[in-house]
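> Make a model of this:
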Amino acid sequence: MAVILPALAAALTTALLALLGIRARAFRAARNFEGLDVPIAGAAAAAGIIAGLLAARVPDATSRATLAAALGFAFFGLLDDLYGDRSASGFLGHLGALRRGRVTTGAMKVLGGGLTALIAARLLGAAGLPWLVEGAIIALSANALNLVDTRPVRAAAVFLAAALFLWPYAPAAGCAAIPAAAVWLPFDRRRIAMLGDAGSNALGAILGVWVAEASGFRAALGVLIALIAFHAWTEGHSINRAIAANPRLDRLDGWMRGEGRPRSG
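Numbering: from 1, shown residues only. Sure, this is the predicted structure:
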C-alpha cells in the first residue's frame, strides 16, 4: 500500500489534469517543430508527482527535497510557459537582458530555480561546499532536461531511463515521479500535449535531487563539471543537429516519436 497509493495518485492526477485541461483549453498552446499548435500541459505531470509525494506523506529527506524541487521548478517553469517570450534564450541571454534592466521570465526562472535548488539541497542535509555543489547539480539538471525537450518524448524518456537507474536512492519519491512520467508519455508521443518548461524543469530538478543523494562529494563534483560542460557546449551547438548527425541516435529518437523503428547497424 505504501507503494500503490502514491503511484496511483501520481498517475491519476497526471492523466486527469492533462485530459481535463486539454479538453477545456485551459493550457496555452505553442507551435511545435512540426508546425502543430500543441497545448503546454507539463504542469499536469508536475502536479501528478506532487500529488504522489503528498500521498506518500514524504517520509524521508529525499522525498522532501524532491517535493521542494518539483514545486519550485514547476512554478517558475509555468511562469515561463504562460508569460515568457523567446527574445532571450539560454543562461547568458537571460542574464544579459537582466543586466540591461529587462527582467524576463527566464531570468526569474534562473534566480528562483537557483533558490529552489539550494533549498532542496539543504533538505538533503548538505551544508557548506557540498550544499553549493548539490544545489548547482539540481539547478543545472533542471535546465539540462529543458534543453533536451525540443522534440516529443525526448525529455520524458531521458527522465524515465535515469529515474529507473536512480530509484534505489529514492524509492518513496520514485513511486510518485516514475508513474507520472510514464502516464505522460502517450500524451507527448501522440502530440496531444507538450511538457514545456513546467514539466521538463520539474523532471530535471528531480533527477538532480536523486543524483545529489546518490553521489559522494567527489562524484558530485564530477557530475557538476559534466553539467557545466554540457551547458557550455549548448551555448554554441544544437542538440537536434548533434542527434541528427548520429545515425543510431537519430533512428532511436525518431522511433521514440513514432516515426519508425530503430535499426541495428
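> quick one: Asp81 and Ile225, what's the gap?
30 Å (CB to CB, to the nearest Å). No exception for glycine: its C-beta is placed from N, CA and C like everyone else's.
> Can you read off the pLDDT for Asp253?
Predicted confidence (pLDDT) for Asp253: 89.
> quick one on the thing from earlier: neighbour count: Asp81 and Ile225, which is higher?
Comparing Asp81 with Ile225 by neighbour count (other CB atoms under 10 Å), the higher total belongs to Asp81, at 24 against 10.
> show me what contacts the more buried one?
Going by CB atoms under 8 Å, 6 or more residues apart in numbering, Asp81 touches 28, 40, 42-43, 196-198.
> Where does the prediction get shaky in this protein?
Across the chain, the ranges flagged by pLDDT under 70 are 1, 85-103, 260-265.
> Helices of that one, residue ranges please.
4-23, 42-55, 61-83, 90-99, 105-123, 128-148, 154-166, 171-189, 196-214, 217-234, 239-244, 247-256 (DSSP state H).
> If you count contacts, what does the fifth one end up packed against?
The contact analysis (3 or more CB pairs under 8 Å, 6 or more residues apart in numbering; DSSP states H and E) places helix 105-123 against helix 61-83, helix 90-99, helix 128-148, helix 196-214.
> related to what we said a few turns ago, of the helices of the chain, which is nearest Leu36?
If you check each of the helices of the chain against Leu36 by CB to CB, helix 171-189 wins as the nearest, at 12.7 Å.
> Of the contacts of Asp81, just the buried ones, PyMOL syntax please.
Restricted to buried positions by 16 or more other CB atoms under 10 Å, the PyMOL selection for these reads:
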select buried, resi 40+42+43+196+197+198
